[in-house]
Every structure is written in C-alpha cells, then in structure tokens.
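**Q** curious how this folds, go ahead:
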Amino acid sequence: MKIAVRGAASICITTSILAICAAGQVSAAAAGLAEADREALIQGLQAQHEVALIRERKLADDRETQLIAALESRLKAARAAAETAQGDARQAKEQLASARSDYAKLAAQITQRDISAQSDIESYHAEAQTTARQASPDMAAALQRFADGDRVGAWPIIQSLAAAQQAAPGATGASKAASIRMLADLRKEMRAHGEATTAEVLALYDQAATVDPSNFMLHLTRAELARDLGDLTRARAAAQQAVSVAGTEGERGLALSFLGEQAAEQHDVAAAHEAYTQALAIFQRLAASDSTPFIQNLLGRALREVGDLQAIQGDPTAAKASYTASLAIRERLAAADPSDKLIQLSLSLDLQQLGELDMKTGDREGAKSAFERGLAIRQALLRADPSNTDDQFFVTGLLRRLGDLARKQGDLKTARQEYEQCMAIRERLSAANPSSALYQAGLALDYFDVADIAFEQNDPDTARADYERSLAILQRLTATDPTNAELQQQVLLGMVRYARMPGASVTWQQVADQYDAMKKAGVLAPVDDIVPKILRWHRVLFGR
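**A** Predicted structure coming up:
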C-alpha cells in the first residue's frame with residue numbers, strides 16, 4: 001500500500017467535512033439552534049477530524065494512543081448516561097461536556113505538533129462552523145451523535161437526512177456536492193474503525209467526483225480506494241485525473257507517484273518509469289529548499305519507488321542504492337523525532353524492501369536483520385494502536401517475509417508457523433472488510449504458502465485444500481481486474497502447483513490455456529519461462 005496525501009504522507013488520504021445544507025441559506029430551524037449546542041457540535045466534529053489525522057499520520061505515542069482510547073470510551077459512556085438521565089440531568093450533562101472537552105483538548109494537543117497538518121485543521125474548522133450553522137436540529141443531533149463516537153448509530157440518520165436535502169426543490173449543485181462529500185468523508189472515518197467497507201466508501205467518492213470533477217483530493221482518494229479494491233484500471237484513471245487537476249507541484253508529485261504505482265503493477269514499465277522519474281524530480285526540487293520532515297519523507301518515498309522499479313527491471317545494484325538513500329533519510333528523520341509514527345512506518349517499509357532485495361541476491365543474514373528490525377517497528381506501532389487495521393496488515397507483511405527466509409534456509413517448521421500466524425491475521429481482516437482486494441490477495445498468498453510447506457511436509461490434504469482456496473480467491477480478483485499482471489502470474493503459479501496434486505480440479509490443459517492467455521496479453525514474467533517445460537513434460541499442447 002502506497003502513501004499518498006495532501007499536507008502529510010499518510011496511509012489514508014485526509015479530506016474535510018463540508019457543509020451539508022444549501023450553501024448560503026440558513027433555515028429557521030437551524031437559526032434557532034442554541035449557541036452552546038453549535039459550539040459543542042463544532043468542537044466534536046473538529047475533535048473527530050483531528051483524531052482521524054492522528055490515526056492516519058500516526059502522530060500519537062503509546063501513552064497518548066491509550067489516552068485517546070480511554071477518553072473515547074468515557075465520551076460514549078457519558079453520552080449514554082446523559083441520554084438515559086431522568087429528572088435533574090444537569091450532572092450527566094456536565095459530565096458529557098467535560099468528556100467532550102477533554103477529548104478535544106487531547107486531540108488538539110497532539111495535532112499541534114504536526115506543522116503540516118495545521119492548514120488542514122484550520123480549513124476544517126471553518127467548514128465545521130458552516131456545517132453547525134446550516135444544519136437543521138435533526139442533522140445537528142445526528143452529527144453530534146457521530147462526533148460522540150456512536151458512528152454506527154448516527155450514520156443511517158445522517159444518510160437519510162442528507163438524501164432528503166439533496167432531493168429538496170431548492171437544492172443547488174454546490175450544496176449537493178458538499179452533501180455527498182460530507183457523507184463520503186464520514187464513511188471513510190467509519191472504514192478506519194472497521195465500520196464500513198472500501199466499496200461503500202468508494203461509491204460515495206465516485207458520486208462526489210461526478211459533481212465536483214476539479215477536486216484534487218477526491219480523485220486521489222478514489223485512486224487509493226480503487227487500488228484497495230484491486231481495480232488497477234480504475235485506480236490508474238483516477239490518479240490520471242488527479243494529475244490533470246493538481247494545483248501545486250506537491251500535489252502533482254503525489255499524483256504522479258500513485259500513477260506510477262498502478263502502471264508498475266500493470267507491468268507498464270515505460271509509463272511507471274516516466275511517472276516515478278517526474279515525481280522524484282519534483283520532490284528533489286522541493287526538498288532542496290524545504291528541510292521539513294514532511295517534504296524529506298516524500299523524497300524518501302520517491303527514492304524507494306524508483307528502487308522498486310529498478311528491482312523489477314533487473315538492476316539490483318541501482319535498486320539497492322535507491323533503497324539505501326531512502327533509508328538514510330528515514331533514519332535521520334527517526335533519530336530527530338523517534339515519536340513520529342509515520343516516519344517509523346516509512347522506515348519499516350524501506351527495511352522490508354532492502355530485506356527482499358538482499359534475499360533475492362543471496363544475502364540471507366542481511367535480509368534477516370532488515371526483516372526483524374522492520375517487524376519490531378511495526379509491532380511497536382500495533383501495540384500503540386491495536387485496533388488499527390493498517391498496522392495489523394503491515395505486521396503480516398514482514399511475518400510472511402520471515403517465513404520466506406526460513407523456508408529458503410530449510411526450516412520448514414518455522415516457515416509454516418510464520419505463514420500460519422500471518423494467515424490468521426489476514427483471515428480476520430478479510431472477514432471484517434471482504435471488499436478489500438488488498439486483504440484478499442494477501443490471504444491468497446498465505447494459503448498458497450501454507451500449501452507449499454504442507455506439500456513438502458507430506459501433508460497432501462492441507463496442501464490440496466489451501467491451493468484450492470488460494471486459487472479461488474485469485475481467480476475472483478483477476479476476474480474483477482484482468483489488467484493486474486501480478487495477480488495473473490500468481491494464478492498461473494497457483495494452477496501449476498495445484499495441478500500436480502492428486503485429485504486436483506485443475507488440469508494441465510487449463511494451465512496451458514492460462515499461459516497462452518497471459519502470453520497473448522503480454523503479462524508473462526521471466527519466472528514463467530519454466531511453464532512450457534512443465535507442459536511439455538506432461539505432453540500438453542500450448543501456444544495454439
């Protein structure tokens with residue numbers, strides 16, 4: 001998963017909640033909303049937005065993350081007590097106001113440390129004021145419920161009220177666009193908490209982009225979400241739209257970076273090279289006059305992406321130089337501010353790529369050191385925020401690499417343990433968000449890895465079952481996006497491995513058909529050269 005954001009590099013792209021009612025019009029009901037209630041709503045929306053930034057940009061340390069969780073629990077409990085209070089409810093209301101205030105103060109205190117977030121926060125505050133001023137009492141109450149942490153309970157109410165506003169006779173195009181953006185942003189926050197799927201969020205952002213096609217962040221968010229769904233064609237198109245509407249060099253660099261990633265995964269090396277090279281040049285120019293961690297980290301990211309492409313092109317020396325340059329930047333930034341979680345995550349990504357390169361070039365000790373160091377960083381991040389699904393997934397990436405390394409060293413027992421630990425996490429993540437192609441593809445790899453080890457350990461029943469499960473997922477994903485060359489190659493390899501099993505439902509002729517289709521599409525990799533030899537050995541016709 002690549003990092004793309006305006007204002008700060010982040011796993012999730014931060015956007016803002018906009019006004020939900022007709023622009024420039026305040027209803028009589030909204031005008032009657034008490035000033036204290038408006039201020040509470042503004043404070044609550046602002047706090048939720050800032051906590052989202054904290055989670056996305058990993059701004060909080062372990063102690064602060066625990067405090068946020070404790071204050072959110074207190075906030076929910078105080079709201080529940082206030083709603084059920086009978087008679088003189090002043091004490092319950094005071095406790096709710098205190099819980100809201102403490103939650104907002106902590107959020108503001110943490111986000112103040114991130115200079116790059118301040119423009120986003122200031123812009124959002126103005127939008128929250130507009131939202132509170134224009135919202136009807138019913139919408140204000142639903143938004144306050146959301147702000148108090150009951151996102152699931154508030155969502156259907158907000159959605160219904162927003163739909164009615166969009167359908168109102170006097171609704172303008174601008175008000176409809178703002179309403180849809182608001183729904184998309186709120187739904188994305190719910191996704192971060194495992195309360196909405198990627199497909200649900202993307203559908204709303206697609207609607208928003210239709211009515212507001214010049215909004216850079218909408219397109220970049222759509223690109224990231226489409227990538228998560230496994231639809232590279234859709235993600236690439238959204239990234240191209242982001243490039244076309246970018247208003248600053250930084251925005252253009254981010255969009256080009258994401259565009260290059262999609263092209264690389266489609267094996268369009270020429271397009272990937274062009275996009276990555278342009279992005280790197282932009283961030284080198286910006287970094288030359290801007291020493292802030294934000295810009296320097298983006299430069300590191302651009303170097304790592306160029307290294308990824310160099311590795312694909314078979315130039316390990318150049319790739320290692322790019323990865324090492326990126327790592328040096330992240331190590332310097334991490335030493336200057338060890339509490340910056342985004343830098344820590346970026347550092348772990350560099351270590352993972354270096355470890356993979358070392359493993360491919362035979363430096364197993366170097367690979368083990370890089371993987372173990374990266375895993376320690378990710379496990380520390382996860383301990384600080386155990387419910388963060390991104391951090392959970394990132395941990396699995398390095399568990400799998402350590403399994404690969406153990407397997408190369410002949411330690412099948414350790415390899416299987418690492419793979420099964422990885423698989424358990426991804427099964428849970430996939431069950432919670434079944435529309436995430438990222439989770440599904442990762443789980444397919446885990447089934448494949450366990451099947452391979454089981455085959456080598458003379459456990460044919462497990463091997464057969466897991467090959468079949470892996471292949472079923474991969475075929476479903478490639479049906480959604482036939483342009484994903486990496487997935488097509490995984491399907492081919494899975495079919496080859498599965499076809500050798502007694503009782504397999506895949507035949508060697510089906511393997512040959514898959515190979516021919518991939519050759520025609522131009523998505524074969526050098527490693528696939530072994531397939532014709534296997535097919536000849538089984539006396540199967542191909543290349544027809």
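
**Q** distance from the centroid: which residue in this structure tops it?
**A** Distance from the C-alpha centroid of the chain, by C-alpha atoms, centre = their mean, peaks at G87 (47.0 Å).

**Q** and stretch 401-417, how far apart are its ends?
**A** Using C-alpha to C-alpha, to the nearest Å, the end-to-end distance of stretch 401-417 comes out at 12 Å.

**Q** run through who's touching that stretch.
**A** Residues outside stretch 401-417 that contact it (C-beta atoms under 8 Å, 6 or more residues apart in numbering): 352, 355-356, 359, 364, 367-368, 371-372, 375, 418-419, 422, 449-450, 452-454, 456-457. (C-beta placed from N, C-alpha, C; glycine too.)

**Q** so which of those belong to helices?
**A** When helices are assigned by DSSP state H, the members of those inside them are 352, 355-356, 359, 364, 367-368, 371-372, 375, 418-419, 422, 449-450, 452-454, 456.

**Q** can you tell me which of those residues are buried?
**A** Buried residues within the ones in helices among the contacts of stretch 401-417, defined by neighbour count using 16 or more other C-beta atoms under 10 Å: 352, 355-356, 359, 367-368, 371, 375, 418-419, 422, 449-450, 452-454.

**Q** what segments of the stretch 151-300 of the chain are helices?
**A** 151-167, 173-192, 198-211, 216-229, 232-245, 249-265, 269-289, 293-312 (DSSP state H, counting those that start in this stretch).

**Q** ok, the stretch 1-150 of the chain next?
**A** Ranges of helices in the stretch 1-150 of the chain, per DSSP H, counting those that start in this stretch, are 28-31, 35-57, 62-84, 90-111, 118-134, 137-147.

**Q** again with the stretch 401-544 of the chain
**A** 412-432, 437-456, 460-480, 485-499, 508-521, 530-537.

**Q** closest to L96 out of those helices?
**A** L96 lies closest to helix 412-432 among the helices of the stretch 401-544 of the chain, at 30.1 Å (C-beta to C-beta).

**Q** how far off centre is that closest one?
**A** 20 Å (C-alpha atoms, centre = their mean, to the nearest Å).

**Q** just give me the neighbour total for D212.
**A** Summarising burial for D212: neighbours were counted as other C-beta atoms under 10 Å, giving 18.

**Q** what separation do you get for the closest residue to it other than its chain neighbours and A209?
**A** Closest residue to D212 apart from its sequence neighbours, by C-beta to C-beta, 6 or more residues apart in numbering: A177 at 4.4 Å. Computed with C-beta to C-beta, to the nearest Å, the distance linking A177 and A209 is 10 Å.

**Q** please apply the same query to E251.
**A** Taken as C-beta to C-beta, the spacing of E251 relative to A209 amounts to 16 Å.

**Q** neighbour-wise, which of those two wins?
**A** Shown here are E251 and A209; by other C-beta under 10 Å, A209 has more neighbours (21 against 18).

**Q** that older thread, could the helices of the stretch 1-150 of the chain go into CSV alongside mean pLDDT and mean neighbour count?
**A** Compiled in CSV, these are given as follows (pLDDT from 0 to 100; neighbours: other C-beta atoms under 10 Å):
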stretch, mean pLDDT, mean neighbour count
helix 28-31, 42, 12
helix 35-57, 86, 21
helix 62-84, 89, 16
helix 90-111, 92, 18
helix 118-134, 81, 18
helix 137-147, 93, 21
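
**Q** format the ones you listed as JSON lines; extra columns: distance to P338.
**A** Output for the helices of the stretch 1-150 of the chain, formatted as JSON lines (distance: least, C-beta to C-beta, whole Å):
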{"stretch": "helix 28-31", "distance to P338": "47"}
{"stretch": "helix 35-57", "distance to P338": "16"}
{"stretch": "helix 62-84", "distance to P338": "12"}
{"stretch": "helix 90-111", "distance to P338": "16"}
{"stretch": "helix 118-134", "distance to P338": "22"}
{"stretch": "helix 137-147", "distance to P338": "32"}
